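**Student:** quick one: sequence plus predicted model below, questions after.
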Amino acid sequence: MQQALERVDAEIAAWERRLAAGERVALGPALDAATDGAMLGGLLLFDTSVPGVSVSPYVIVPVAAFAAFFFLIVVRKAIALRKMKVKNRDEVMAGREGTVLQDLDPIGVVQVAAEHWTASSMGGPLRKGERVRVVEMDGLRLKVEPVETPATASTEGREP
C-alpha cells in the first residue's frame with residue numbers, strides 16, 4: 001500500500017516538473033494518479049480494524065470516475081488555454097470591415113464589429129454608407145481605407 005502511494009506521489013511530481021518546464025504533457029500519468037489516489041483514499045479513509053465501518057464501493061467508484069473525468073477533460077482544456085496565443089485589440093481589429101456612419105474627411109465615425117469608432121481615412125474622403133476596412137489602430141482611433149468593390153459583370157469585359 002505504501003509503495004502505491006509513493007508511486008502516485010512520484011508520478012504527480014514528474015508531471016508537475018514537465019509542466020513547469022513547458023513540455024507537452026500527456027495526461028496518462030496524471031489520470032492514473034488521480035484515479036489511484038481516489039481509490040486509495042477511499043480504501044484508507046476508515047480504520048478497517050473496526051468491523052462494519054468502511055466506505056462503500058458505490059461511493060469510491062463514482063468519485064474515482066469523476067476524478068478521471070476531471071483530469072482527462074477539464075485539466076487538458078485548461079492546459080490548452082494556457083498555451084493559446086494572446087490576441088490584443090489591434091490584431092483583432094485589423095482587417096475587419098465596417099460602414100461609415102459620419103463622413104470621413106479625413107476624420108469621422110465608422111461602425112466596425114457593432115461598435116462605433118472614431119476613424120481617419122487613409123484613402124481620401126469617404127461618405128456615409130461606404131464600406132471600409134481597418135488598416136491599423138492608433139490608440140482609440142481606427143485608420144481605415146475604402147473596400148474595393150468588384151466591377152459588375154454587366155460592364156466588365158464587354159465592348160461598346
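**Tutor:** Looks like it came in fine. Numbers count the residues shown, from 1 in each chain.
**Student:** this structure - how does it break down into domains?
**Tutor:** Using automatic domain parsing, the domain ranges for the chain come out as 2-83, 89-146.
**Student:** now render those domains as JSON lines, adding mean pLDDT and mean neighbour count.
**Tutor:** Heads up, the C-betas are built off the backbone N, CA and C, glycines and all. Below are these laid out as JSON lines (pLDDT from 0 to 100; neighbours: other Cβ atoms under 10 Å):
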{"stretch": "domain 2-83", "mean pLDDT": "71", "mean neighbour count": "13"}
{"stretch": "domain 89-146", "mean pLDDT": "91", "mean neighbour count": "16"}
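**Student:** what are the boundaries of the strands in the protein?
**Tutor:** According to DSSP state E, the chain carries its strands in the segments 97-102, 107-112, 115-121, 131-138, 141-146.
**Student:** just put those in JSON lines and tack on distance to residue 50.
**Tutor:** As requested, the strands of the chain are arranged in JSON lines below (distance: least, Cβ to Cβ, whole Å):
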{"stretch": "strand 97-102", "distance to residue 50": "73"}
{"stretch": "strand 107-112", "distance to residue 50": "70"}
{"stretch": "strand 115-121", "distance to residue 50": "67"}
{"stretch": "strand 131-138", "distance to residue 50": "70"}
{"stretch": "strand 141-146", "distance to residue 50": "73"}
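**Student:** do you know which of these lies nearest residue 89?
**Tutor:** Nearest to residue 89 among the strands of the chain is strand 131-138; the distance by Cβ to Cβ comes to 6.9 Å.
**Student:** partner strands of the closest one and their direction?
**Tutor:** Next to strand 131-138 in the sheet, as set by DSSP bridges, lie strand 97-102 (antiparallel), strand 141-146 (antiparallel).
**Student:** in CSV: those strands, plus distance to residue 110.
**Tutor:** Listed next are the strands paired with strand 131-138 as CSV, based on distance: least, Cβ to Cβ, whole Å:
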stretch, distance to residue 110
strand 97-102, 5
strand 141-146, 6
